[in-house]
Every structure is written in C-alpha cells, then in structure tokens.
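> model the following, please.
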Amino acid sequence: MNIFIATYGSRGDVQPYVALGKGLQNAGHEVTLATSERFCNFVKAHGLHYGYMNDDLLAILNTDQGRDLVENTNNLFEVIKQTFSMMKQVGPMQQALLQESWEAAKQSKPDLIIFHPKAYGGPQFAEKLGIPVIMALLIPMMVPTSEHPNLGFPDLKLGSCYNRMTYQVVNKLTGASANKYVKAWRAANGLPPQKRFDILHTTVGGVIPVLHGFSQHVVPQPSDWPKTARTTGYWFLNQASDWIPPPELEGFLEAGPPPVYIGFGSMAGRDPERLASIVIEALQKAGVRGIIVTGWGGLKAIALPETVLQIDQAPHAWLFPRMAAIVHHGGAGTTAAGLRAGKPSVVVPFFGDQPFWGQRIHSLGVGSNPIPQKKLTAEKLAAAIKEVISNPNIRQKAEALGAKVRHEDGIGNAVALIEGIMKSA
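Model (predicted):
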C-alpha cells in the first residue's frame, strides 16, 4: 500500500509522523511524507520518500512579527492585531502550500492519505483521488467531547453544552481560515463546491477517522468519543544506535550529579539572551548543574559558569534519562520525551497547546505548576526546579508514569488501526 502523509510545522509537528511513517514502512508499506523543506534531509535519512512543501510560513516565526506574536500570546487584543496584520502576507503562502502538497500527493500515487490539520488539504486530495483519508493528531483538539472543553478554552465548569460548543468554535475557525483556499483549489481541480469546509467530515458527510498520537495515561480517552476517534500511544522515533555524544557532553555528565535540562525549542520571542540569563541565574539559585540546549534558537547564552554546559542539540531519548529534571516549553514532542524518560518537568509555556501540556503535567503530579513565559523570573524558576528535584512524591509519580508510557506501543497500535480502516474501506 502506498501511503501519503502530510504535516507542517516545527520539528515537534514532523518527528512523530516520521516515526509513524517508519512503522508503516516496517509493516511493508511505501510511505511519502510531505512537509517543510527544512526537514527534507531528516525525512530522507529515515528512509522515507520526501514530498516538497516550502519553508516560508515557518520562517515568519523568525521575523519580528512572528516574535511579537509569541511575546503577546497572553494579550488577546495584540494577538488579533498581529494576526490580521499578517493575513495578507500569509494568504499566498497558504495557497502555495496547498498546491505543493497536492503535487506531492499526486506524484506519490497513494492508496491512503494521512494528514495533520495544518496540512488541511488532505481530505480534498483524497476526494479527488477517490481514496480513504485519516486525520492524525498529536493533541486532543478537534474531536468534540462533553467531558471537558477544548484545550484553547478555560474550564468554566458550565457542563456538556459549553464543552461541546468550544470544539465547534475551533472547528469553525479552522474552516474559516482554510475555506477560501480550499474553495479555489476545488474549482481549479474540477470538484463541486462544498457547502462548508469541515475538517472532521468528507464533502458527502462521511466521518473522517482520527488517530491521536499520545498516551491514554497522560490524556484519558473521553467515553463519548465516536469509534472513529482513537488514542494509540505516543509515536516515538527511536534513537539512532550510532549516535555518539560529543566528549564535552560525556565529560560534563560524568563530572557530577545529574544536571537539569533546559531547552525551549524555537520559542524565545524577541530576546533569547534575556531568557538565557534568567535560566542561568535560576540554576545557580537552585544550586544545581544544568545543560542548556540552543539548537533551535530558543536560548542564546554567552557567559556560562562551570556548572552549566551549552550544547547545540542531542537526542531526547538519549539525553533525558540522564537528567534530574526537564525544563521546557511544553511542546507535545518534548513533553512526551520527558514523560517517557520518567523525569519530572517544569513547563514554561509560550503559546498554542503548550499551556495545556503544562497543566496536564502538574495535574498528573509529575511536575511543577507551569510558569508562563511572560511571568518567568529566576526566582520562580529556581523554586520550581527545587520542588521537582527534592519532592520524592513528584519523582516517584514521574518514574511510574514513564514506565507506563514506555510499555505502550503507540506506533504498532496506529499501524494496526490504519490497516484495519483500509480493510473496511
């Protein structure tokens, strides 16, 4: 079976789909993964075919406008203002990405399309090609439930009607942002107009199956989800067996007690130097050693004490088990890696789904209360680091949850579900 996977975003939006693609490939299927060109070599290095999508939309995050959006994420007025100011710039990029992912899909001649909601053309391409489609998600954001509100809304304890309404709002907003480009694409490719864009349903009203690549031990599956929505477990990319840590990293780890990992991916806003200075001061106040990871631009440190090592990057699967605790931005991928390692976390969320993962970690008792980046100080971070390292209850819960996560076979479960869907299609 030829399978086409489309996703778009940061490394955390790509790596789990590479892992899923490898799982499908190991099961005997041919896999093409389409995503931003910055991940072309990464996709190919893992033996998958690459489908081209440009890098322009991601590059916006590295501009002043993009950094302002991150900095002002807690100010709704500023977020709306920045979003509208970027719409003229983003529109042509969205159009280009839709066309590029379609060209990649056609070239792969797929029997099945699997798509991330950011690559929202998936259902349209499947309709044009006359093949099944599956949505694959890393967060519980699209499928409605009466048990809790959408992760982007406050839990106001208003009951099932409010909770379901929050998902309807998110799905309508998703449709509104995509509808213009989908409408033009359908017209250009000979498909009839659709009444409205609904990412959970096909044009004729069929329900699109949804797979969720996270652990039921971290986010329990709602009892009122339809049978077409399933939680599989995380889609981890196993560490390359030939990865060798640089001598300075090995030496630092051997020279003292386990350090604290601190890395925020590409999240830093306008002032990564200020963020790094807060981090270094916090480590010193907490009296612990630290490893600062700067590879994606989220931190930028200059002068470092002997108790702190700066590295570009290292595989989370190798590094995290050697840490005392993990301080991170709450991205879905980093959160998953920290949980699998069985280490307590301190989450400093910036925007998007990051506050949700920070709250889940705290609610599960495997980390501190999250500290929003706008409120981050060296004193608050030092106190949180001390708490997760010194509290035996937090450490024990983190170890126990890590064992449960490691026991799951998320990729195997997903592959079995995908093959089952295809047999019944």
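
> ok, and the closest non-adjacent residue to Met141?
Leu151 (5.9 Å; CB to CB, 6 or more residues apart in numbering). Just so you know, the C-beta spots here come from the backbone N, C-alpha and C atoms, and that holds for glycine as well.

> so how far is Pro245 from that neighbour?
35 Å (CB to CB, to the nearest Å).

> so between those two, which is more surrounded?
The neighbour count for Leu151 versus Pro245, taken as other CB atoms under 10 Å, is higher for Leu151 (20 against 16).

> and the more buried one, which helix or strand is it part of?
Following DSSP states H and E, one finds Leu151 outside all helices and strands.

> surely it and Gln354 touch.
No. Look at Leu151 against Gln354 with CB atoms under 8 Å: they stay out of range, at 10.0 Å.

> could you report the neighbour count for the closest residue to Ala332 other than its chain neighbours?
What sits nearest to Ala332 in space, not counting adjacent residues and going by CB to CB, 6+ apart, is Leu138, at 4.5 Å. When neighbours are counted by other CB under 10 Å, Leu138 registers 25.

> for Leu138, what are its contacts?
Applying CB atoms under 8 Å, 6 or more residues apart in numbering, we find Leu138 in contact with 12-13, 16, 116, 212-214, 332-333.

> how does it look with 6 Å?
16, 213, 332 (CB atoms under 6 Å, 6 or more residues apart in numbering).

> what do you get for Thr377?
Contacts for Thr377 were tallied using CB under 6 Å, 6+ apart; there are none.

> mind doing that once more with 10 Å?
Shown in contact with Thr377 (CB atoms under 10 Å, 6 or more residues apart in numbering): 278, 281-282, 371, 383.

> now swap in Gly287 and tell me
307, 382, 385-386, 389.

> ok, now Gly175?
Residues in contact with Gly175 (CB under 10 Å, 6+ apart) are 120, 182, 196-200.

> select only the buried ones of these in PyMOL?
Restricted to buried positions by 16 or more other CB atoms under 10 Å, the PyMOL selection for the contacts of Gly175 reads:
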select buried, resi 120+182+197+198+199+200
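
> ok, of the contacts of Gly175, which one's closest to Leu48?
Checking the contacts of Gly175 against Leu48 by CB to CB gives Tyr120 as the nearest, at 21.3 Å.

> would you mind giving the secondary structure of the closest residue to the closest one other than its chain neighbours?
Nearest non-adjacent residue to Tyr120, counting by CB to CB, 6+ apart: Ala178, 4.8 Å away. Following DSSP: H, G, I helix; E, B strand; the rest coil, Ala178 is assigned to helix.

> what about Ala178, neighbour count?
Ala178, neighbours per other CB under 10 Å, totals 20.

> kind regards, and thank you for your time.
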